[in-house]
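Asker: Fold the stuff below for me.
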Amino acid sequence: MKSYRILILALSIFAIGFSSCKKDADTSFANSVSATIDGIGYYSDSIVSIGSAEIMNFTSAVGKEKIILYISSAATTGSHALNNNTYNILYFNKNGIIYMPKSGNINISSYDVASKVIKGSFSATLNNGSANAAITNGAFQIKY
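Answerer: Numbering: from 1, shown residues only. Presented below is the predicted three-dimensional model:
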């Protein structure tokens, strides 16, 4: 009987020890690209990153719909006008039709080369040769 009480006491102490342990907060980083395209929300946490010495290419996808961000590897924080060389946005609609930029910008709010994390916002007016697409409220946070 005495050994039974000791066993119950040991199990109780063991259970209290585990119940008082707190799980550490989840500090994992979530990649994402979001925007409003012609008034319709777009969100993707499926990001493919390709980098070179000159350009980082971040492709986000929702089904066949894609936003591709091209950002200079030598990026600095601040607003950057879209151009064909160092900052660019391409959009593929659900039918695979590509929209090229007419105007817009990519704003880098933070860029940590050591941690390989880049965050910012973007907006653009794009055209497929016959129709425009407006991207507003664009935001990204990417660990590459």
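
Asker: Could you report the distance from residue 136 to residue 119?
Answerer: 18 Å (CB to CB, to the nearest Å). C-beta: built from backbone N, CA, C; applies to glycine.

Asker: wait, I meant residue 101
Answerer: On the measure of CB to CB, residue 101 and residue 119 end up 21 Å apart.

Asker: The two: which is more packed in?
Answerer: residue 101 (21 against 17; other CB atoms under 10 Å).

Asker: correct me, but the more buried one touches residue 70?
Answerer: No - checked against CB atoms under 8 Å, the pair residue 101 and residue 70 is beyond contact range at 10.0 Å.

Asker: Show me the common contact partners of these two, please.
Answerer: Common neighbours of residue 101 and residue 70 (criterion: CB atoms under 8 Å, 6 or more residues apart in numbering): 88-90.

Asker: who wins for neighbours among these?
Answerer: Tallying neighbours with other CB under 10 Å puts residue 89 at the head of the shared contacts of residue 101 and residue 70, with 23 neighbours.

Asker: What strands line up against the helix or strand hosting that one, and which way round?
Answerer: Element membership for residue 89 (DSSP states H and E) is strand 87-92. Sheet pairing of strand 87-92 (DSSP bridges) gives strand 65-72 (antiparallel), strand 98-112 (antiparallel).

Asker: Need the contact partners of that strand.
Answerer: 37, 64-72, 80-82, 98-101, 104-106, 122, 124, 126, 133, 135, 138.

Asker: Going by residue numbers, what spans are strands in this protein?
Answerer: 32-37, 40-44, 47-51, 55-62, 65-72, 78-81, 87-92, 98-112, 117-127, 132-143 (DSSP state E).

Asker: need those in JSON lines with mean pLDDT, can you?
Answerer: Listed next are the strands of the chain as JSON lines, based on pLDDT from 0 to 100:
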{"stretch": "strand 32-37", "mean pLDDT": "97"}
{"stretch": "strand 40-44", "mean pLDDT": "96"}
{"stretch": "strand 47-51", "mean pLDDT": "88"}
{"stretch": "strand 55-62", "mean pLDDT": "93"}
{"stretch": "strand 65-72", "mean pLDDT": "96"}
{"stretch": "strand 78-81", "mean pLDDT": "97"}
{"stretch": "strand 87-92", "mean pLDDT": "97"}
{"stretch": "strand 98-112", "mean pLDDT": "97"}
{"stretch": "strand 117-127", "mean pLDDT": "97"}
{"stretch": "strand 132-143", "mean pLDDT": "97"}
